[in-house]
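Novice: sequence unknown, structure follows:
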Ligand code: NDP
Ligand code: BG6
């Protein structure tokens, strides 16, 4: 597919592409893109989707003829939708700039239609409105399902029956959760495929749209120094860490049915792991990358219960403020065993990663908010400096840290000599600190992903076989935890989480970074 670059140029190299480029230009005035946000009255739409669409508009990344429709059951006029949306838009691209005019132009392209999610008639009314806006042009339609999972299928059925495009493409972005185990996920995929082809389904994992997760492949495959080290021969362990310094406040109802393993580990962390550990893909094409990710996922050893630690946060008072326990949430049963924290040791049984522990940790209501990939390298064999100067082993070990958020950075811990006449070793960071290196703010993951969906780029979306492999890995251990009613280790709100996670790491000779 043709890529329209952000500066408005087309990236064209071959004669075929030149021909496509000509067609693209000819059709430019004849095609339109409509983005329908289904569930427009909801939290995700307000917080992420509309602001991301505005940022794309601001950066001139949206096609010339585009329209945005909000669709939900709540009664709202176009003006009310615009008012709601305007409250969440910011000039975040350049805080000094007054982007009020751009906002007004953007809001004029936003409309609303109220309807039920299971009503083909209501979607047919939407179709009429979409047609008016499309004005006879080739119509390309993107539906973003920002609704609870129990109504996904109804909405897909009605949208595909009554409001899919008749002369352009129709694509559907689906938000997680994609089921809660292998069985329910397969049922969801089967139901979606009654109405859509696989290439119309864009399963979102917003972590794949994060700048540093995207950069992982660039780091690995475009720098000579990393790829040769990327194996069991040099890497001692890999840690994937997600932590939030707030609880499930406001989302307890959803969360209690899923828990942290399904909410974060089975998707966000596992996706990063797959990108981290995959073999070099044949090309950057979506299918080539996803083929490699699936191979890694299918090479993973079944997760043993003894390699999993779960926790749940309890109330904690600090500085006169009392932070709630997970079960204080009114939508959570008092005796809930749902984990809000989990740590697990995973292994990939292939030639590259044999024996290397991949330690995953995810938790809510911890002492900080961060998402990081930490790669700890092996000790330097026969290290002269360990022998002669007696530095402890840890000091001699290199570590590469990819800080996905906040304050994005990639740094490599190296050992160096403290300047001076003596011979003392120190540990320093070679640091690519994004805020210092790049003045422009990093786009939100949803911007990247929405743009890709509009352009038909599937690289950062989850293919159904990837999803199957991810569930196949986690379903047995999730079932075991639930069937055995394993009691989570309780940890105070705002703490470092259960001590058990340190024992788990120690079992593999690892210290959490
Ligand atoms: P909401 O609970 O806010 O629901 C979105 C909209 O769906 C609501 O405004 C409501 O619109 C409609 N709705 C809610 N419950 C029902 C129901 N039981 N039956 C019919 N309609 C209902 O969801 P979010 O916006 O938080 O999330 C949307 C999707 O994205 C979900 O699948 C969620 O799991 C996922 N997600 C959300 C994240 C977040 O940060 N919020 C993060 C990652 C994923 P109306 O009543 O007007 O029809
Ligand atoms: C969502 C989870 O997928 O990711 C939430 O459902 C979590 O529980 C969120 O808070 C974290 O996303 P981010 O981009 O804020 O790190």
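Specialist: Okay, I see it. Owing to the predicted nature of the structure, the values given are computational and were not obtained by experimental measurement. Ligands and ions are numbered 1, 2, ... in the order given.
Novice: now this protein, which segments are flagged as low pLDDT?
Specialist: 1-29, 92-97, 387-395 (pLDDT under 70).
Novice: swap the cut-off to 50 and go again
Specialist: 1-27, 393-394 (pLDDT under 50).
Novice: List the residues that contact the residue in the chain that ligand 2 sits nearest to.
Specialist: Nearest residue of the chain to ligand 2, counting by Cβ to the nearest ligand atom: residue 263, 4.8 Å away. Every C-beta, even on glycine, is put in place using the N, C-alpha and C of the backbone. Going by Cβ atoms under 8 Å, 6 or more residues apart in numbering, residue 263 touches 177, 255, 362.
Novice: Out of these, which sit inside strands?
Specialist: Within those, residues falling in strands by DSSP state E are residue 362.
Novice: Tell me the most packed of the contacts of residue 263, by neighbour count.
Specialist: residue 362 (26 neighbours; other Cβ atoms under 10 Å).
Novice: Isn't it up against residue 242?
Specialist: Yes - Residue 362 is within contact range of residue 242, at 4.3 Å (criterion: Cβ atoms under 8 Å).
Novice: overlap in contacts of the two?
Specialist: With Cβ under 8 Å, 6+ apart as the test, residue 362 and residue 242 both reach 264, 268-269.
Novice: quick check, stretch 31-47 touching ligand 1?
Specialist: Yes - Stretch 31-47 is in contact with ligand 1 by Cβ under 6 Å from any ligand atom, via 39, 41-45.
Novice: ah, wrong one, I meant stretch 235-248
Specialist: No - Stretch 235-248 stays clear of ligand 1 (Cβ under 6 Å from any ligand atom), getting no nearer than 11.2 Å.
Novice: Please state the offset of that stretch from the chain centre?
Specialist: 14 Å (Cα atoms, centre = their mean, to the nearest Å).
Novice: can you check stretch 372-391 too?
Specialist: Per Cα atoms, centre = their mean, the centroid offset for stretch 372-391 relative to its chain is 33 Å.
Novice: who touches that stretch?
Specialist: Taking Cβ under 8 Å, 6+ apart as the rule, stretch 372-391 contacts 216, 229, 233-241, 272, 276, 393, 396-404, 415, 423-425, 510, 513.
Novice: Let's see which of these end up in helices.
Specialist: 216, 272, 276 (DSSP state H).
Novice: Show the contacting residues for the nearest residue to residue 129 once chain neighbours are set aside.
Specialist: Of all residues not flanking residue 129 in the chain, residue 113 sits nearest, at 5.8 Å (Cβ to Cβ, 6 or more residues apart in numbering). Neighbour list for residue 113: 69-71, 122, 125-126, 129 [criterion: Cβ under 8 Å, 6+ apart].
Novice: Same list (those residues) but as a markdown table, adding distance to residue 106, neighbour count and secondary structure.
Specialist: Formatted as a markdown table, the contacts of residue 113 follow (distance: Cβ to Cβ, whole Å; neighbours: other Cβ atoms under 10 Å; DSSP: H, G, I helix; E, B strand; the rest coil):
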| residue | distance to residue 106 | neighbour count | secondary structure |
| --- | --- | --- | --- |
| 69 | 14 | 24 | strand |
| 70 | 13 | 29 | strand |
| 71 | 18 | 29 | strand |
| 122 | 26 | 19 | helix |
| 125 | 24 | 16 | helix |
| 126 | 20 | 25 | helix |
| 129 | 18 | 18 | helix |
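Novice: Now tabulate the residues you listed in a markdown table and tack on distance to ligand 1.
Specialist: Shown next, in a markdown table, are the contacts of residue 113 (distance: Cβ to the nearest ligand atom, whole Å):
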| residue | distance to ligand 1 |
| --- | --- |
| 69 | 14 |
| 70 | 9 |
| 71 | 9 |
| 122 | 11 |
| 125 | 15 |
| 126 | 13 |
| 129 | 17 |
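Novice: Go through those residues and name the one nearest residue 502.
Specialist: residue 70 (47.0 Å; Cβ to Cβ).
Novice: Who does that closest one form a beta bridge with?
Specialist: residue 37, residue 112 (DSSP bridges).
Novice: and it, what is it in contact with?
Specialist: 36-37, 40-41, 45, 76, 81, 85, 110-113.
Novice: Okay, now stretch 89-99: how far is its last residue from its first?
Specialist: 10 Å (Cα to Cα, to the nearest Å).
Novice: Numbering from 492 from now on, please.
Specialist: Got it, first residue is 492 now, which makes that one stretch 580-590.
Novice: tell me which parts of the stretch 592-741 of the chain are close to ligand 1?
Specialist: Residues of the stretch 592-741 of the chain lying near ligand 1 (Cβ under 6 Å from any ligand atom): 608, 637-640, 642, 666-668.
Novice: separation between residue 924 and residue 902?
Specialist: 8 Å (Cβ to Cβ, to the nearest Å).
Novice: ditto for residue 861
Specialist: For residue 861 relative to residue 902 (Cβ to Cβ), the value is 14 Å.
Novice: repeat for residue 593
Specialist: With Cβ to Cβ as the criterion, residue 593 and residue 902 are 36 Å apart.
Novice: Also residue 737?
Specialist: 26 Å.
Novice: Residue 698 now?
Specialist: Taken as Cβ to Cβ, the span from residue 698 to residue 902 is 20 Å.
Novice: Point to the residue nearest the middle of the chain.
Specialist: residue 698 (1.7 Å; Cα atoms, centre = their mean).
Novice: Surely that residue touches residue 762?
Specialist: Yes - the pair residue 698 / residue 762 is scored as a contact, 5.9 Å apart, by Cβ under 8 Å.
Novice: Between the two, which contacts overlap?
Specialist: The contact lists of residue 698 and residue 762 share residue 704, where a contact means Cβ under 8 Å, 6+ apart.
Novice: Could I get the full set of helices for the stretch 592-741 of the chain?
Specialist: Here the stretch 592-741 of the chain has its helices, by DSSP state H, counting those that start in this stretch, at 611-625, 643-653, 673-686, 702-712.
Novice: buried stuff in the second one?
Specialist: Of the residues in helix 643-653, those with enough neighbours to count as buried (16 or more other Cβ atoms under 10 Å) are 643-651, 653.
Novice: Residue 994: which of those residues is nearest?
Specialist: residue 643 (39.7 Å).
Novice: Apart from its chain neighbours, what residue comes closest to that closest one?
Specialist: residue 636 is the one closest to residue 643 (Cβ to Cβ, 6+ apart), at 5.8 Å.
Novice: burial of that neighbour, as a residue count?
Specialist: By other Cβ under 10 Å, neighbour count at residue 636 equals 24.
Novice: Then residue 822?
Specialist: 12.
Novice: That one reaches residue 747, doesn't it?
Specialist: Yes - with contact defined as Cβ under 8 Å, residue 822 reaches residue 747; the gap is 7.0 Å.
Novice: Could you tell me which residues make contact with residue 723?
Specialist: 843-847.
Novice: before we move on, what about residue 830?
Specialist: Counting by Cβ under 8 Å, 6+ apart, residue 830 has contacts 750-752, 801-803, 972, 979.
Novice: Turn those into a markdown table, including distance to residue 690 and secondary structure.
Specialist: What follows is those, written out as a markdown table (distance: Cβ to Cβ, whole Å; DSSP: H, G, I helix; E, B strand; the rest coil):
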| residue | distance to residue 690 | secondary structure |
| --- | --- | --- |
| 750 | 32 | helix |
| 751 | 32 | helix |
| 752 | 30 | helix |
| 801 | 37 | strand |
| 802 | 40 | strand |
| 803 | 40 | strand |
| 972 | 35 | helix |
| 979 | 40 | coil |
